[in-house]
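**Q** predicted model follows, preceded by the sequence.
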Amino acid sequence: AQRVTQPEKLLSVFKGAPVELKCNYSYSGSPELFWYVQYSRQRLQLLLRHISRESIKGFTADLNKGETSFHLKKPFAQEEDSAMYYCALIPWGYNKLIFGAGTRLAVHP
Amino acid sequence: EAGVAQSPRYKIIEKRQSVAFWCNPISGHATLYWYQQILGQGPKLLIQFQNNGVVDDSQLPKDRFSAERLKGVDSTLKIQPAKLEDSAVYLCASSNHRESSRNTEAFFGQGTRLTVV
């Protein structure tokens, strides 16, 4: 069965500190992986997708098939990064997102 | 562009009552999703439409939940009768999915927060 695991419910850091939000997946095929973000009082929106290999708002994520991970990283956290972050995958042959439980990132001044 | 519209934003009902949610996707988006998000969990897909046809409803509790997308545009999700465990945020999303791509972005609405008492 396909599953996405985000082991941390809350990650609390100070401004300027590095951030790593963990995401592990369980899927036997070739997944497409995403990070979605929800800022306070805003709707859920796409942050980045692994196939694009891009950096968005300073965030990057690398797919590690050996470790079945897709951790989200940023070298220097900003207060405006405080939000809920959801890792998600789309299984091969489908177009539905399977979400993890989410991690709340709190960046303190 | 206008985003995915959902109504109502909030709804409180008693158990065993009925409730309906409405969603208007982004114009031109063929794929529409309904997700259920229980507090502390990630969104879980309930049903996926491609135009007006159902693609996936494997996790829809069909004894009490129903959804339709007449004319392939807006959609309604109904719960009848509601149970306490149906308390959640119901999210509608749409995408301009093409068969050849799994990377189409899904755009989400603000959601409807349902409380069953």
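**A** Cool, the structure landed.
**Q** from here on, just use CA atoms for contacts and neighbour counts.
**A** OK.
**Q** could you say which helix or strand contains the residue nearest the centre of chain B?
**A** Taking CA atoms, centre = their mean, the centroid of chain B lies closest to residue B:34, which sits 2.4 Å from it. Element membership for residue B:34, per DSSP states H and E: strand B:31-37.
**Q** give me the nearest residue to the residue nearest to the centre of chain B, chain neighbours excluded.
**A** residue B:92 (4.6 Å; CA to CA, 6 or more residues apart in numbering or on different chains).
**Q** quick check, that neighbour in a helix?
**A** No - read with DSSP: H, G, I helix; E, B strand; the rest coil, residue B:92 is strand and lies in no helix.
**Q** residues touching it, list them.
**A** B:4, B:6, B:23, B:25, B:32, B:33, B:34, B:35, B:108, B:109, B:111 (CA atoms under 8 Å, 6 or more residues apart in numbering or on different chains).
**Q** can you flag the buried ones in the residues you listed?
**A** B:4, B:6, B:23, B:25, B:32, B:33, B:34, B:35, B:108, B:109, B:111 (16 or more other CA atoms under 10 Å in any protein chain shown).
**Q** hang on, the earlier thing: neighbouring strands for the strand holding residue B:34, and are they parallel or not?
**A** With DSSP bridges as the test, strand B:31-37 is paired with strand B:44-50 (antiparallel), strand B:88-95 (antiparallel).
**Q** quick check, nearest of the contacts of residue B:92 to residue B:86?
**A** residue B:35 (12.2 Å; CA to CA).
**Q** what residues are up against the residue nearest to the closest one when sequence neighbours are not counted?
**A** Leaving aside its chain neighbours, residue B:35 sits nearest to residue B:45 (4.4 Å; criterion: CA to CA, 6+ apart). Contact analysis of residue B:45 by CA under 8 Å, 6+ apart lists A:96, A:97, A:98, B:33, B:34, B:35, B:36, B:59.
**Q** what's the lowest-pLDDT member of the residues you listed?
**A** Checking pLDDT across these, the minimum falls on residue A:96 at 88.
**Q** what comes up buried for stretch B:87-95?
**A** Within stretch B:87-95, the residues that count as buried by 16+ other CA under 10 Å are B:87, B:88, B:89, B:90, B:91, B:92, B:93, B:94, B:95.
**Q** measure whichever residue of chain A sits closest to chain B to residue B:82 for me?
**A** Nearest residue of chain A to chain B: residue A:101, at 4.1 Å (CA to the nearest CA). Distance, residue A:101 to residue B:82, using CA to CA, to the nearest Å: 24 Å.
**Q** of these two, give the one with the bigger neighbour count.
**A** For residue A:101 versus residue B:82, neighbours defined as other CA atoms under 10 Å in any protein chain shown are more numerous around residue A:101 (25 against 21).
**Q** please pull out the lowest mean pLDDT helix or strand from chain B.
**A** In chain B, no helix or strand scores lower on mean pLDDT, DSSP states H and E than strand B:53-56, which sits at a mean of 92.
**Q** any idea which helix or strand comes after that one?
**A** Moving toward the C-terminus from strand B:53-56, the next helix or strand (DSSP H and E) is strand B:65-68.
**Q** show the average pLDDT along that following strand.
**A** Rounded mean pLDDT across strand B:65-68 is 97.
**Q** identify each buried residue in it, please.
**A** Those would be B:65, B:66, B:67, B:68, for strand B:65-68 by 16+ other CA under 10 Å.
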